[in-house]
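Peer 1: Got a sequence here, can you build the structure:
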Amino acid sequence: MRYGAAWLVVLTAALAAGGCTDSLVKMEVKVSPPQAAGHEVDIQAMIARAKAKVFPTLVYVKPIQEDYSAGKKRRVVLGGSGIIISADGYVVTNNHVAEKAVEIHCVLFDDTMVEATVIGTDKDTDLALLKLKVDPQRQFAFATLADSDKVEEGQFCMALGAPWGLKRSISLGVVSCAQRFLEGESEYSLWLQTDAAINPGNSGGPLVDTNGEVIGINTLGTFNGSTGFSIPSNTVRYVIAQLQAHKEVRRSWTGVRLQPLRDFDRDSFFEGERGVLVASVDPGSPAEQAGLEVGDLILTVGGEAVDGLYNENLPKIRAILGRLPTSQPTAFQLQRGGRPVAVNLTPREKGVVEGQDLDLKRWNLTVKAINEYNDPEMYYYDKEGVYVQGVQYPGNAQECGFHGNDIILKVDGKEVKSLKDVKELYDAILKDSGRKKRVPVEVLRNGMPQLLVLDYARDYDQTPQQKAETTKE
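Peer 2: A predicted model of the protein is given here:
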């Protein structure tokens, strides 16, 4: 849906007035878009219809998360938004709103608060599915997901959510780009870019069209809220179906990293109009076992043509690779040095994309298992390791020179390969009342080994009363 210059004047006036619907109430403006010549469109009525359709489905999401980033396990209260997508109370929100939540409450349109459970999360697309804990007989108004492939630049849209608190809000704008590629954020999907304000607390809320249908889930925004990014509804539809069926999104892993034929960011250009380049092949991966090499041009996957001319084409190709069956080989047609090459590749299941956390409370640091997808730089150094996630300040680890991202190699002279190793060594050391409260820890920092001595004699987590009692003794 496109609008002419007359609509841009109205939109500019609305945004200048603060992006609030109250500003538009005072504007008795009617315009005629080009595709409806001779027919007047009441902009305010159009906004009101969309609002009436979507507002009852909007929820304020209040999770309590376990956070390990500050060097100790703590509970953090956050705020976000969500949208009801089914009559029986399924709610879509962002993964970063729901992940590691030990408790979630949702405030509904009628201001009632209900508890919700996390059905599943998907870190790769930053989506999560919740289920409201209510009487099974209760029916909810729910939002409709549009076909995001039909969204066009210039199309009018509204970002809904509950930024800064419980009250719902609407911000107005247009779709600035219908297929935005964001480096590091576009693994399996492109983004909808909009100038409708997306502020803290909007995360998980819907981006809707003039029909009141959801074209995206709001996820990213700039600090001043002037530019926002939403996950397209077709990506949402696929992920939610996976979470409902499996409580996770099952993806295949090939170990092949891709590069477009025209890479302006790297000033790298290759001849040809078809295919996608192999930028690298992970050691020990299914791609390496199948014989793929750096510089190969992948032409088809399972008989389906793949064309990676630009960066914007890569998420679709990664999605194709991620949906390959893991139980059988898939035929790849390649071009290598100008010659056709055929290989069969059997992917394996991708598995978890983030390692588990552990709080070493007396040492005042938290550690995390290295994950090849979430921590590729550390995985390069240690395939089965543990690294320092956070260092408490002030604290024993901080006083002794520990840094975030230090890879732990040995504790008290014993090799560390997993969180289980660290937990067993930590518990044994603390139980040994006869030893000095010092432990040598060998770490790898920026590829260089270092030996640190962790002195944990001081208890930084004592209350003032406990510290006073300790001093008296």
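
Peer 1: Where do the helices of this structure begin and end?
Peer 2: 5-16, 21-25, 43-54, 95-98, 233-246, 286-290, 314-322, 376-381, 396-399, 419-431, 464-472 (DSSP state H).

Peer 1: most neighbours per residue, which of these?
Peer 2: helix 95-98 (a mean of 24; mean count of other C-beta atoms under 10 Å). The way it works is simple: take the backbone N, C-alpha and C, and place the C-beta from them, glycine included.

Peer 1: That one packs against which elements?
Peer 2: strand 58-67, strand 80-84, strand 113-122, strand 127-132 (3 or more C-beta pairs under 8 Å, 6 or more residues apart in numbering; DSSP states H and E).

Peer 1: from those, which stretch is densest packed?
Peer 2: Buried most deeply of those, by mean count of other C-beta under 10 Å, is strand 80-84, with a mean of 27.

Peer 1: export it as PDB, just CAs?
Peer 2: Output of strand 80-84 as PDB, limited to C-alpha atoms (Å, rounded to 0.1, in the frame of the first residue of the first chain):
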ATOM      1  CA  GLY A  80       8.400  -5.800  27.600                       C
ATOM      2  CA  SER A  81       5.500  -6.200  25.300                       C
ATOM      3  CA  GLY A  82       3.700  -9.100  23.700                       C
ATOM      4  CA  ILE A  83       0.800 -10.000  21.400                       C
ATOM      5  CA  ILE A  84      -1.900 -12.700  21.900                       C
END
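
Peer 1: got the angle between it and strand 127-132?
Peer 2: 70 degrees (axes from the mean of the first three to the mean of the last three C-alpha atoms, to 10 degrees).

Peer 1: got a list of contacts for strand 80-84?
Peer 2: Applying C-beta atoms under 8 Å, 6 or more residues apart in numbering, the contact partners of strand 80-84 are 54, 57-63, 90-94, 97, 106, 130, 132, 140-143, 160-163, 201-206, 214, 217-218.

Peer 1: of the residues you listed, buried ones?
Peer 2: 54, 57-63, 90-94, 97, 106, 130, 132, 140, 142-143, 160-163, 201-206, 214, 217-218 (16 or more other C-beta atoms under 10 Å).

Peer 1: now the helices and strands packed on helix 95-98 as a markdown table including mean pLDDT?
Peer 2: Below are the helices and strands packed on helix 95-98 laid out as a markdown table (pLDDT from 0 to 100):
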| stretch | mean pLDDT |
| --- | --- |
| strand 58-67 | 92 |
| strand 80-84 | 96 |
| strand 113-122 | 96 |
| strand 127-132 | 97 |
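
Peer 1: Verify the stated contact: Thr366 with Val386.
Peer 2: No. Counting by C-beta atoms under 8 Å, Thr366 stays clear of Val386, with 10.7 Å between them.

Peer 1: in stretch 152-170, what counts as buried?
Peer 2: Neighbour-count burial for stretch 152-170 flags 155-163, 168-170 (criterion: 16+ other C-beta under 10 Å).

Peer 1: What's opposite Cys177 in the beta bridge?
Peer 2: Gln193 (DSSP bridges).
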